[in-house]
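Colleague: Sequence and computational prediction follow.
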Amino acid sequence: AITRACKKLIIFSEKSVLLTDITPYVYGTTRLGDEKIPFEERVEMAKAALDTGVWFHTSHWYGDALQVLRKAFDIDRNKIPNLIVKLGGETIEELKADIRKNIDPLGIEKIELGQLCLGGKLAEDFANGGNCFKEFQKIREEGLVNRFVMEVFPWTSEVPLKALKSGYPEGIVDGYIFYLNPLQRFASNELWDMLSERSEPIIAMRTVAGGPVYKLRDVPGFAWKEYLQKRAAEVAPVFERSGIKSWTEFCVRFAHSFSQVRATVGSTSNAENLNEFLLAAESIEPLPYDIVHDIVKLQYRWSDEMDIHAEPWSM
């Protein structure tokens with residue numbers, strides 16, 4: 001069963017035309033909101049990332065990342081990148097307010113790609129094909145957000161799954177965005193299968209799963225949660241068997257081993273790490289089939305054993 005599923009997931013599926021303009025690597029700005037790092041150092045990091053021409057991923061929820069970006073943007077506003085921006089709310093009014101909380105601090109007029117992080121009544125409306133889809137279209141027509149992707153977690157997978165089964169998101173939602181790396185696949189097995197069968201565009205987040213696999217496995221306290229340490233121990237032998245020296249390259253190639261993945265989002269405040277991401281994304285080759293197969297097999301098990309039972313935000 002896993003072999004059949006893997007064949008559906010890897011490069012054999014047809015590729016849709018949606019979201020094909022995104023750069024293969026997207027610079028994540030979470031670390032730009034880390035106040036432990038001097039503000040001006042973070043501005044310099046933002047400037048270095050701007051010079052590369054890649055897309056950015058950001059949100060007002062990331063500390064003072066928007067203030068850092070605004071200062072970098074104001075130096076040369078011709079360099080403002082296409083932005084994927086996380087937008088949340090339990091009502092359409094909250095979602096619209098969240099758009100302004102991102103646009104206004106950045107001094108921009110629109111968001112290229114809005115990442116829908118829905119809760120409460122708004123999530124229910126999405127699952128049931130409610131009025132929210134008309135509201136999303138209005139937001140696009142007003143020029144505030146050009147396109148939308150739906151954010152997915154293990155504990156929210158039922159919402160897009162139900163909507164997709166009835167075709168509600170078609171024409172409104174261009175793709176799906178979630179943690180996708182060798183240690184994490186934050187879509188339930190059933191949703192993952194449906195996204196793959198339909199060749200729905202995917203943006204993979206958290207490229208390297210929080211750090212080098214050996215540190216996650218061997219350094220006490222390095223992994224954010226104990227489950228990541230355990231998973232790193234299972235994946236490390238697969239990584240070694242691949243013969244690839246760089247964990248970053250391995251992770252970038254893993255994400256792009258699935259034809260519907262458009263980009264992987266990786267955050268860093270370190271110029272050396274940024275260069276490593278960029279180098280890995282220069283000429284991407286999918287990982288060998290057997291390597292992907294073994295990780296996919298692990299992810300199906302992890303999803304059933306833990307992910308879909310996890311409390312929200314516990315992973």
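Modeller: Perfect, I can see it now.
Colleague: where exactly do the helices run in the stretch 51-200 of the chain?
Modeller: Remark: helices assigned in the stretch 51-200 of the chain by DSSP state H, counting those that start in this stretch are 65-75, 92-106, 120-127, 132-141, 158-166, 189-197.
Colleague: tell me the residue furthest from the middle of this protein?
Modeller: Within the chain, Ile75 marks the point farthest from the mean C-alpha position, 27.8 Å out by CA atoms, centre = their mean.
Colleague: I'd say it and Lys47 touch.
Modeller: Yes: counting by CB atoms under 8 Å, Lys47 is a contact partner of Ile75 at 6.7 Å. For the C-beta atoms, the positions are set from N, CA and C on the backbone; glycine is no exception.
Colleague: dump the residue contacts of Asp174.
Modeller: Contact analysis of Asp174 by CB atoms under 8 Å, 6 or more residues apart in numbering lists Leu18, Leu19, Leu113, Arg147, Phe148, Val149, Pro201.
Colleague: Just the buried residues from the residues you listed, in PyMOL please.
Modeller: To isolate the buried members of the contacts of Asp174 in PyMOL, using 16 or more other CB atoms under 10 Å:
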select buried, resi 18+19+113+147+148+149+201
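Colleague: can the contacts of Asp174 go into TSV with extra columns for pLDDT?
Modeller: Shown next, in TSV, are the contacts of Asp174 (pLDDT from 0 to 100):
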residue	pLDDT
Leu18	93
Leu19	96
Leu113	98
Arg147	98
Phe148	98
Val149	98
Pro201	97
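Colleague: tally of neighbours for Arg140?
Modeller: 16 (other CB atoms under 10 Å).
Colleague: That one touches Lys134, doesn't it?
Modeller: No: assessed by CB under 8 Å, Arg140 is found out of contact with Lys134, at 10.8 Å.
Colleague: List just the one of the helices of the stretch 51-200 of the chain that sits closest to Gly221.
Modeller: helix 65-75 (25.0 Å; CB to CB).
Colleague: what does the closest one rub up against?
Modeller: So helix 65-75 is in contact with 29-30, 32-33, 39, 42-43, 46-47, 50, 56, 58-60, 79-80, 102, 105-108, going by CB under 8 Å, 6+ apart.
Colleague: what stretches of this protein score poorly on pLDDT?
Modeller: Within the chain, the ranges that satisfy pLDDT under 70 run 1-16.
Colleague: at 90 what do you get?
Modeller: For the chain, the stretches with pLDDT under 90 are 1-17.
Colleague: which stretches of it form strands?
Modeller: Taking DSSP state E, the strands of the chain run over residues 25-28, 56-58, 83-89, 111-118, 145-151, 173-181, 184-185, 202-205, 261-267.
Colleague: just to revisit the earlier point, now tabulate the helices of the stretch 51-200 of the chain in CSV and tack on distance to Ser246.
Modeller: Shown next, in CSV, are the helices of the stretch 51-200 of the chain (distance: least, CB to CB, whole Å):
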stretch, distance to Ser246
helix 65-75, 27
helix 92-106, 33
helix 120-127, 38
helix 132-141, 39
helix 158-166, 33
helix 189-197, 26
